[in-house]
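Asker: Need coordinates for the following:
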Amino acid sequence: MGRATEAAWCAQDQGKFFEYQKQLFQNQGIIPYDNASLASLAGNVGLNVEQFNQCLSDGTHRADVERARQAAANRGVNATPTFFINNRRIEGNVPYEEFKAAIDQELAQAQ
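Answerer: Numbering: from 1, shown residues only. Next up, the predicted model:
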């Protein structure tokens, strides 16, 4: 998914991160995340494809993606989704009540 993450950051350079991310998720497992497919998705969301392709080929965000991956690894993240509420880790698709309880506990400790 590293290449797709880089592509999403290149889409952000043109202000279309969320639109592009949505396309990635909708096409996950359907198309390969190769340069041609990533560029096609860029065109679908109205990005300047030439600028997008240049960003990918230059590796403009490669180091950014690696730093983010390393930061997650340093925090022990090995599953998605993973959330942190202060230093309390919540992994997986958990019910709203679990988030609410964690937030309420943190708020109570802060007061």
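
Asker: quick one: stretch 24-37 to chain centroid distance?
Answerer: 15 Å (CA atoms, centre = their mean, to the nearest Å).

Asker: residues making contact with it?
Answerer: Contact partners of stretch 24-37, identified using CB atoms under 8 Å, 6 or more residues apart in numbering, comprise 1, 3, 4, 7, 8, 40, 41, 53, 56, 57. Where you see a C-beta, it was placed from the backbone N, CA and C, and this is true even at glycine.

Asker: give me the element residue 77 is part of.
Answerer: Using DSSP states H and E, residue 77 is not contained in any helix or strand.

Asker: Actually, residue 84.
Answerer: Using DSSP H and E, residue 84 falls within strand 82-85.

Asker: Pull up the pairing partners for that strand, direction included.
Answerer: strand 88-91 (antiparallel) (DSSP bridges).

Asker: What residues sit buried inside stretch 35-45?
Answerer: Residues of stretch 35-45 classed as buried by neighbour count (16 or more other CB atoms under 10 Å): 37, 38, 39, 41, 42, 45.

Asker: With that, I have no additional questions.
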